[in-house]
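**Q** next comes the sequence, and after it the predicted model I'd like to discuss.
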Amino acid sequence: MSKYPKIGIRPTIDGRRFGVRESLEETTAELAKSVAMFLEENMRYPDGTKVECVIADQNISGAYEANLCREKFKKENVGVSITVSLSWCYGTETLDLDPHTPKAILGFNGTERPGAVYLAAALAGHNQKGYPAFSIYGKDVLDAGTKELPCDVKEKLLRFAKSGLAVAIMKDQSYLSIGGVSMGIAGSMVNDSFFQDYLGMRCEYVDMVEIERRIKLEIYDKDEYAKALAWVKANCKEGLDNNNPKVTPEQKEKEWEYVVKMALISRDLMIGNPKLAEMGFIEESNGHNAIAAGFQGQRQWTDYLPNGDFMEAILCSSFDWNGIREPYILATENDSLNGASMLFGKLLTNTAAIFCDVRTYWSPDAVKRVTGKTLEGDASNGFIHLVNSGAAALDGTGEMGKLKSFWDITPEEVDKCLKATVWSPGNKGYFRGGGFSSTFLTKGGIPFTMIRLNITKGLGPALSIAEGVSVTLPEDVHYTLNHRTDETWPTTWFAPRTTGKGAFSDVYSVMSNWGANHCALIYGHVGADFITLASILRIPVAMHNVPEDQIYRPTAWSQFGTNDLEGADYRACQNFGPIY
């Protein structure tokens, strides 16, 4: 992305001159600077650069100064708005009225000046005008002149800012559909209206034959191809070949050459490549401005040509032949809704997203029957087998100890991930054209959040969220269970945290209520961040196991009910509708 959106800070002030405004000018400006400094020190864009904040040139007391601020923010590419105030200000006269900008208001909790009164008045104005905003209000009363932001205020600032920035970054980007519908999977029926209305994104479409065309006509960087192939030969160990007859060394050599070219070309299709322009392919050099993409693969492609598993796995990882870098989003089977879920996770956490099939629920009784063993620890109540048909980001091995932002990853950790992964020749029962599947087992004890976007006719999109942990099974138990599916595919044994209620009554209920056959696995217990993001996008949350005290949505949601938060969420999202 050439130019990331910035966070705008709007200091508001009581406009009464001859004493009142003058007494607040400096401290109000200092509060704005404190918020900007905190966010810039604690947030980064997906490319690793520090987030930029823009502060209005003057404190805002009314419509004139509010408009000056609006004009500055427009020039500075501000995509998220935070209003801050120490005192009473004139509510609707100072509001940010941009309908597409995520908004929050920080009201100082003090008794000398009624910042909380302005906060309540301004939020009421936002709600009445239909521009929901988040309330940031510390629990404890502070003394006038306090410069340090309280911990609870910092937490809300970060949660809102991360979610708001994710919304702003997605706007005007593209989802690139490489191919069409894969095996009747609903998520690969790309819903143009969803991406446009809810995310502000366009959808771009390319037939899979474009990859074959570029391979045949050599429309790729040949120097990079040579570098990539040498890196693959040095770092990508081949795994078990369960095919009969076995794939010959000569055929595997050809397939490696082909899948490496697929990876280069798919990346170029997404983001472009100036090298292609130097080669005379100016149109191809532009790419499709795609922040996420999907590859159909099955079956028209994979029945004939090598599968996309290597391409999908390596592009979604935080490293390749060019070193450690920002991971891409490339969804298996062109499941655009899982691609959007992966994108949400990447933007909120700045870590790689893992594409998974939600394949099997293993109950303790079923495991005991099959293996003779009793489950213990995190797995004691059963678990879900998350396994994709051959492609998952290598960060998902867990060899880094946790999934990290790419700027925190070391070469030694990359080496561990590569050594923990083997590349098995594709199962010819599924992939007649060959290719290679990434084979690894995720280490246990890693906190993850499983998410999925679904679309229901008459309702629209809804988000499912399940926090949990990866589990380590005894080696013989893993071997027995994993061999009942395809052992050449990447496996994560996942135990969601159960609550004894609703969709989280037990692990079986989580599996039973999950809305599709795929999920995105995101590092950390970040369900609360997804709930905040979903509320900005007006996407209701269908199921989650996030503690109630961590739920953070615009204050308007409370007007739709406070006892049944799930029902209120659905009503609020329906009332306000998609932001674009």
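**A** Looks like it arrived, so ask away. Quantities reported herein were computed from a predicted structural model and do not represent experimental measurements.
**Q** quick one: the helices in the stretch 151-300 of the chain?
**A** Secondary structure of the stretch 151-300 of the chain, counting by DSSP state H, counting those that start in this stretch: helices at 151-170, 192-199, 209-216, 222-235, 249-271, 274-278, 282-285.
**Q** got TSV for these, with mean pLDDT and distance to residue 372 too?
**A** C-beta: built from backbone N, CA, C; applies to glycine. As requested, the helices of the stretch 151-300 of the chain are arranged in TSV below (pLDDT from 0 to 100; distance: least, Cβ to Cβ, whole Å):
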stretch	mean pLDDT	distance to residue 372
helix 151-170	97	46
helix 192-199	98	47
helix 209-216	98	47
helix 222-235	98	39
helix 249-271	98	38
helix 274-278	98	57
helix 282-285	98	57
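**Q** of those helices, flag the one that's most buried.
**A** Most buried of those, by mean neighbour count (mean count of other Cβ atoms under 10 Å): helix 151-170, with a mean of 21.
**Q** what packs against that helix?
**A** Of the remaining helices and strands, those touching helix 151-170 by 3 or more Cβ pairs under 8 Å, 6 or more residues apart in numbering; DSSP states H and E are strand 6-12, helix 20-42, strand 78-85, strand 103-107, strand 134-136, helix 336-349, helix 527-537.
**Q** now that helix: how far from the chain's centre is it?
**A** 14 Å (Cα atoms, centre = their mean, to the nearest Å).
**Q** cool, and stretch 133-140?
**A** Put simply, stretch 133-140 sits 25 Å off its chain's centre (Cα atoms, centre = their mean).
**Q** and that stretch, what's buried?
**A** Neighbour-count burial for stretch 133-140 flags 133-138 (criterion: 16 or more other Cβ atoms under 10 Å).
**Q** residues contacting it, please?
**A** Residues from elsewhere that reach stretch 133-140 (Cβ atoms under 8 Å, 6 or more residues apart in numbering): 82, 103-109, 116, 119, 122-123, 126, 150, 152-153, 156-157, 160, 532, 552-556.
**Q** can you tell me which of those residues are buried?
**A** Neighbour-count burial (16+ other Cβ under 10 Å) applied to these gives 82, 103-109, 116, 119, 122-123, 126, 153, 156-157, 160, 532, 552-556.
**Q** strands of the stretch 401-550 of the chain, start to end?
**A** 422-425, 436-439, 447-456, 460-470, 491-496, 518-523, 541-543 (DSSP state E, counting those that start in this stretch).
**Q** residue 559 and residue 477: what is the separation?
**A** According to Cβ to Cβ, to the nearest Å, residue 559 and residue 477 sit 51 Å apart.
**Q** out of the helices and strands in this protein, which is least certain?
**A** Least confident helix or strand of the chain, by mean pLDDT, DSSP states H and E, is helix 115-129 with a mean of 92.
**Q** where along the stretch 351-500 of the chain do the helices fall?
**A** For the stretch 351-500 of the chain, applying DSSP H, counting those that start in this stretch gives helices covering 364-371, 411-419, 475-482.
**Q** just the CA trace of the longest one, in PDB.
**A** Listed in PDB are the C-alpha atoms of helix 411-419, where the atom choice follows Å, rounded to 0.1, in the frame of the first residue of the first chain:
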ATOM      1  CA  PRO A 411      16.300 -15.600  10.600                       C
ATOM      2  CA  GLU A 412      16.700 -18.400  13.200                       C
ATOM      3  CA  GLU A 413      13.000 -18.600  13.700                       C
ATOM      4  CA  VAL A 414      12.400 -18.700   9.900                       C
ATOM      5  CA  ASP A 415      14.800 -21.600   9.800                       C
ATOM      6  CA  LYS A 416      12.900 -23.400  12.500                       C
ATOM      7  CA  CYS A 417       9.600 -23.000  10.600                       C
ATOM      8  CA  LEU A 418      11.100 -24.300   7.400                       C
ATOM      9  CA  LYS A 419      12.600 -27.300   9.200                       C
END
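**Q** contact partners for the nearest residue to residue 229 once chain neighbours are set aside?
**A** In this structure, residue 229 finds its nearest non-sequential neighbour in residue 260, 5.2 Å apart by Cβ to Cβ, 6 or more residues apart in numbering. Neighbouring residues of residue 260 by Cβ under 8 Å, 6+ apart: 225, 228-229, 232, 310.
**Q** what's the closest of those to residue 5?
**A** Distance to residue 5 across the contacts of residue 260 (Cβ to Cβ) is lowest for residue 228, with 32.4 Å.
**Q** hmm, that closest one is touching residue 265, no?
**A** No - between residue 228 and residue 265 there is no contact under Cβ atoms under 8 Å: 11.5 Å.
**Q** now do the same end-to-end measure for stretch 426-437.
**A** For stretch 426-437, the separation between the terminal residues is 6 Å (Cα to Cα, to the nearest Å).
**Q** okay, buried residues for that stretch please.
**A** Buried, per 16+ other Cβ under 10 Å, within stretch 426-437: 426-428, 430-431, 433-437.
**Q** mind putting these into JSON lines with distance to residue 352 and pLDDT?
**A** Shown next, in JSON lines, are the buried residues of stretch 426-437 (distance: Cβ to Cβ, whole Å; pLDDT from 0 to 100):
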{"residue": "426", "distance to residue 352": "22", "pLDDT": "94"}
{"residue": "427", "distance to residue 352": "25", "pLDDT": "93"}
{"residue": "428", "distance to residue 352": "29", "pLDDT": "93"}
{"residue": "430", "distance to residue 352": "24", "pLDDT": "92"}
{"residue": "431", "distance to residue 352": "24", "pLDDT": "94"}
{"residue": "433", "distance to residue 352": "27", "pLDDT": "96"}
{"residue": "434", "distance to residue 352": "26", "pLDDT": "96"}
{"residue": "435", "distance to residue 352": "21", "pLDDT": "96"}
{"residue": "436", "distance to residue 352": "19", "pLDDT": "97"}
{"residue": "437", "distance to residue 352": "18", "pLDDT": "96"}
